[in-house]
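Q: Okay, predicted coordinates and the sequence, questions at the end:
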Amino acid sequence: MTKEKKTTEFDLNMHTARLLLSEPFFAALSRRIDKKKTRSIPTAGVRVNPTTAQFELFYNPDFMESLTDVQKLGVLKHEFYHIIFEHVTSRRPEGKMTREDNIQMDLAINSNLIGELPDDCCMPGVGPYEWAPVGKSYEWYKANWQEPEQDENGEGEGGEGEAGDEQGSFDDHSQWGGEGTEEGSTANEIAKERLKEALKEAVEEASKSSGWGSVSAQTRKEIIDRLKVKVDWKKALRYFVKTSQRAAKKSTVRRLNHRFPYIHSGKKVTRTANIMIAVDQSGSVSDTMLIKIFSAMDALSKIATFTLVPFDSEVQTEHIFEWKKGKRHQTKRVSMGGTDFQCVTDYCNKKNFDGLVIATDMEAPAPGACKVKRIWLTTPEHAERPYFETREIVLVVD
């Protein structure tokens, strides 16, 4: 009697942790994506569940089992990149996804996965996509799209099949439905917010562990840039001034006391903000940057009075002045020394200020604690490469 061997169907969940052992960023992201096996698609694909607004990865167990470990990992990363690059949410084309859209998105992703995918995937610079350079975005491939050359039978090298066929996009994008429906739009909006949170947590985990694994420097920068909160610095400065205001109260019979009317006098409340603006005038701060900073101060003076304090390696006390609300001032450079943020922090701590704004190129060590709320004002190029990291608010003057 022959004893039949019992076979167990491939379950991706049992292999994910092992496959992503050397990929801390993808491993952290993977834990936030539901994985489901199905034979309704030939290969694999991701989508936003229109009911739960959760990201889901579908895979055909027969397809995944046929791959090598390197290819299994490559397919996982390929699907995760669709989510990371927002192909499933923000960057989907309007209307129906075409086969060309599928391939163009895959070309953008597969630039990061050379040598890691099944042989029949579309790869920039290879076969019918020889015209396509490596490392471009989906939008670039779409704008520069070249139809595959036709053979003598009038058929293109890439074939005419749908996404997921063996000559086109190797994975399946057919689950990206929901275009034009209220449910689909709502689910996408929720999914976008969840993606930001998932990416933020994955970045933090990758930073704390051994690194980002195979994620390229360009992709890392793109991810981190997308996570940065873009703030209108003018509105943020106004908010800073408003929330730094102190209330001075004094009794007056001209105001009604709402708690004890006609028994006790009312209160007159005067709200003022004594804000110190420290302007870095060290040699590393260019004249162009100073012009931007003074322009920002001119805009702020329309809503508040503040004290302008020039500094470099020390506070330039002889050039300190009060910039009155609604007034304009001719401003100029008064020093060219080194930079020391501690000197302005100490000066602020000794005085009776309610808030401190340091306008600078951030090219010096971080100062110690400040007794009042402190924020930083700089330009985009210096915000990208600060000398020190801080948890305090950094506003960017564009």
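A: Here it is on my side, so go on.

Q: Mind pulling the model confidence for Leu117?
A: For Leu117, the pLDDT comes out at 93.

Q: what's the answer for Met1, then?
A: The score at Met1 is 41. That number is its pLDDT.

Q: go on, the one 10 residues further on?
A: Per-residue pLDDT puts Asp11 at 87.

Q: so how far is Ile375 from it?
A: Asp11 sits 51 Å away from Ile375, going by Cβ to Cβ, to the nearest Å. Yep, even glycine has a C-beta here, placed from its N, CA and C like the rest.

Q: okay, the two: which has more neighbours?
A: A side-by-side neighbour count of Asp11 and Ile375, using other Cβ atoms under 10 Å, places Ile375 first with 20 against 14.

Q: Run through the residues that contact the residue nearest to Val48 when sequence neighbours are not counted.
A: In space, Val48 comes closest to Ala191 once its chain neighbours are excluded; the distance is 4.4 Å by Cβ to Cβ, 6 or more residues apart in numbering. Contact analysis of Ala191 by Cβ atoms under 8 Å, 6 or more residues apart in numbering lists 48, 53-55, 88-89.

Q: could you flag which of these are buried?
A: Buried subset of the contacts of Ala191 (neighbour count, 16 or more other Cβ atoms under 10 Å): 48, 53, 55, 88-89.

Q: Make JSON lines out of those residues and add pLDDT and secondary structure.
A: Shown next, in JSON lines, are the buried ones among the contacts of Ala191 (pLDDT from 0 to 100; DSSP: H, G, I helix; E, B strand; the rest coil):
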{"residue": "Val48", "pLDDT": "89", "secondary structure": "strand"}
{"residue": "Ala53", "pLDDT": "83", "secondary structure": "coil"}
{"residue": "Phe55", "pLDDT": "91", "secondary structure": "strand"}
{"residue": "Val88", "pLDDT": "86", "secondary structure": "coil"}
{"residue": "Thr89", "pLDDT": "84", "secondary structure": "coil"}
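
Q: hey, where'd the strands end up in the stretch 201-350 of the chain?
A: With DSSP state E, counting those that start in this stretch as the criterion, the stretch 201-350 of the chain has strands at 246-256, 265-272, 275-280, 306-311, 321-323.

Q: Now do the shortest one: everything it contacts.
A: I take that to be strand 321-323. Contacts of strand 321-323 (Cβ under 8 Å, 6+ apart): 277, 297, 301, 305-308, 329.

Q: Now that strand: buried residues?
A: Those would be Trp323, for strand 321-323 by 16+ other Cβ under 10 Å.

Q: List the pairing partners of that strand within its sheet, with orientation.
A: strand 306-311 (antiparallel) (DSSP bridges).

Q: chain center to the partner strand, what's the gap?
A: Chain-centre distance of strand 306-311: 33 Å, with Cα atoms, centre = their mean, to the nearest Å.

Q: Same question for stretch 70-85.
A: On the basis of Cα atoms, centre = their mean, stretch 70-85 sits 20 Å off its chain's mean C-alpha point.
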